[in-house]
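Peer 1: Sequence first, predicted coordinates after that:
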Amino acid sequence: MAPLLLLLAPALLLFYLGFVRRCTRIPPAAFHRREPGRAGDSGHEPPRDGWGPRMSGFPLRLFVHLANTAFGQFCVMPLLLRMNNFTLLHYLDIHEDPTFIPEVAAEGRKEKPETKSTSEILKQLMETRPNPANSGFSFKGIQDYLNCYRTGELTPMQVAKNIIASLEDCEKSSPPLRAIVQWDRAQIQRMAEASTTRYKNKSPLSLLDGIPVCLKEEIKVVPYHHRVGTVYLGTEPETEDATVTRKLREAGAIIIGVSNMHELGIGTTGCNPNRLHGTTRNPYNPQHFTGGSSSGAAASVAAGLCPLAIGSDGGGSVRIPASFCGVVGLKGTFGRISAHGCLPLSYSTVSLGPICASVTDAAIAYSILAEPDPLYPYGLQQPKASLSEILTPDLKGLKLGVDWMFFKACDAEVLAVCQKAVEYLQTLGASVVDVSLPEMEEVRVAHVICILSEMRDFLQPDFNTHFHQMNLETRLNLALASQFTALDYIKANRQRTRSMSFLRDIFANVNCILTPATACTAPRIHSSDLLTGNNDVPTLLRTMRYMQLGNFTGIPGLVVPVGYAASGLPINFQVMAKWWDEAILFRVGLKLEHFRDTTRKPAIYYDILA
């Protein structure tokens, strides 16, 4: 009898758990009600670090295989979600209606009449840029190219010749830079020849005429393959330009090729081990990552191949690589720059933006690219892009908001430099105001749910048919995304409504929000990363920490280099502003450029104008 009871007890327990006990209920005590307009308690806690071992090589292969099995989906991935608090929203009772697209109408206030045109402002801006003689080295910017063309010292054709030679050298170097992954000699020469003729006739098309530019492989550029960092997309040459590509052509820019990227933009290191791409190396230290996903774009600018590159930013993918490579990166307001012709991997978080050698160059690119596009559904009612009042002698009257608990959640070296940058802005007349950024843990979780859910949805056919052609990290992230439900996605967008409301209140009292750009400097490349890629959740979340608020809510952000770690790796600083107010980012950014007393020359640098 006793043995029979021992056998029946587990069977009865399983029957009760499987067929009697309700499993769709969450205990009421576990729920936390969020009152509309009132922040929860998480805003008073420092940001959480991620959990998970760093993996590459065979351990990563094994883990990715398990993650995509029934055992992985029912046991391993749910554990990973819980350990990194991605189940947080399950236990929140949020009543705000969801905001699925962070598109914000322009304020109805009367615009001040502009005393100067944008072209006049840009001309004055270039004339008043810092003198590089003090530092011994400076990146060659748009103004340097224009000076050469206008004086006849160099022509766009001669510049094109130097670029081609540099691109050839990049491919032969050890290790190869892998910044530009597709380029064509004839295409570069054809655009350079046309630009040379225009300068000869004294009829350049714009400030970008003859300026070398590259675009991230996620953006369509004729006649290159639109591979988006994969081996299976873009099997045929592209036949139609993206809107930003067309605008650059119309401005006379020399498109030198398309730049490398993290596969499908689903990572922040730039590690891409597939056979068509390879991992882009950081020009400041080739043994470190560039950041991603716009890895090649940032490396191209930092290595001197071009003063301007165009990337896309859904979770910091412009600002992270710009920061790791010590250059300037701008994520505009959601919808400010058309993303037509860019693969719509995550439609609610992604903005296109320039990566540049200077804030001035970012302002020039912004002035040309920022306007409504009838082919792109967002930003059609945006206000006119203005650069008025960016050329002020000081920052008097500006209120700069800092949430110090959030600000200090970074490495000691990063914090030391960025705190001094805040003090420097105060010496220029700005006042620093303590602010509280509410519910940043909820923002972190909700942003991850939104971006991964949208990517998982868009990539569903690819995940089915091209699974084994994807990088291991891509397969793992999409396996993780498979855990999110419609309930998660809706609740994440309810959180977006709350977060955007909190920001409106904050920007009623301050002009900008200041943070470090990233919580750490560029991570080191391990040899196995180059063969299999890697998975490093703690580093991923640290690099995205200060980025997610901008992508989730659609506010603009600018990152500017402000110093270096003891290792020589760059440290950048971030300024964020309210929707459509990019001009104030440029105003503060121009002053931040004066904070760093020296600019160190990258270990890999090509002086195209030499």
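Peer 2: Alright, I've got the coordinates.
Peer 1: Please count neighbours and contacts with C-alpha atoms only from this point.
Peer 2: Fine.
Peer 1: Please, which helix or strand holds the nearest residue to residue 204 once chain neighbours are set aside?
Peer 2: Spatial nearest neighbour of residue 204, chain neighbours left out: residue 198 (5.3 Å); criterion: C-alpha to C-alpha, 6 or more residues apart in numbering. Element membership for residue 198 (DSSP states H and E) is helix 185-200.
Peer 1: ditto for residue 311
Peer 2: Under the criterion of DSSP H and E, residue 311 resides in strand 308-313.
Peer 1: Likewise for residue 588?
Peer 2: Here residue 588 is assigned to helix 582-592, by DSSP H and E.
Peer 1: Remind me what that helix packs against, helices and strands.
Peer 2: For helix 582-592, the packing partners by 3 or more C-alpha pairs under 8 Å, 6 or more residues apart in numbering; DSSP states H and E come out as helix 359-369, helix 412-427, strand 557-564, strand 570-577.
Peer 1: Present these as TSV; the columns should include mean pLDDT, distance to residue 589 and mean neighbour count.
Peer 2: Converted to TSV, those look like this (pLDDT from 0 to 100; distance: least, C-alpha to C-alpha, whole Å; neighbours: other C-alpha atoms under 10 Å):
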stretch	mean pLDDT	distance to residue 589	mean neighbour count
helix 359-369	98	6	23
helix 412-427	98	10	18
strand 557-564	98	7	27
strand 570-577	98	8	27
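Peer 1: what stretches of the stretch 451-600 of the chain score poorly on pLDDT?
Peer 2: Nowhere does the stretch 451-600 of the chain drop to pLDDT under 70.
Peer 1: mean confidence for stretch 326-333?
Peer 2: Throughout stretch 326-333, pLDDT has a mean value of 98.
Peer 1: Just the residues contacting the following helix or strand past the strand holding residue 311, thanks.
Peer 2: Where DSSP H and E defines the elements, the next helix or strand beyond strand 308-313 is helix 319-324. The contact list for helix 319-324, computed with C-alpha atoms under 8 Å, 6 or more residues apart in numbering, reads 268-269, 282, 289-295, 298-299, 313, 328-331, 355, 517-518, 521-522, 543-544, 547, 558-561, 569-573.
Peer 1: Which of these fall in strands?
Peer 2: 313, 328-331, 355, 558-561, 570-573 (DSSP state E).
Peer 1: From those residues, pick the one nearest residue 105.
Peer 2: Nearest to residue 105, judged by C-alpha to C-alpha, of the ones in strands among the contacts of helix 319-324 is residue 331 at 18.0 Å.
Peer 1: Name the residues linked to that closest one by a beta bridge.
Peer 2: Assessed by DSSP bridges, residue 331 has beta-bridge partners residue 557.
Peer 1: quick one: the residue nearest to residue 204 from residue 522, how far?
Peer 2: Noted for residue 198: a distance of 41 Å to residue 522, by C-alpha to C-alpha, to the nearest Å.
Peer 1: more neighbours, the two?
Peer 2: For residue 198 versus residue 522, neighbours defined as other C-alpha atoms under 10 Å are more numerous around residue 522 (26 against 17).
Peer 1: Could you pull up the contacting residues of that one?
Peer 2: For residue 522, the contacting residues are 288-291, 324, 569, by C-alpha under 8 Å, 6+ apart.
Peer 1: Make CSV out of those and add distance to residue 404.
Peer 2: As requested, the contacts of residue 522 are exported to CSV (distance: C-alpha to C-alpha, whole Å):
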residue, distance to residue 404
288, 29
289, 28
290, 27
291, 25
324, 23
569, 24
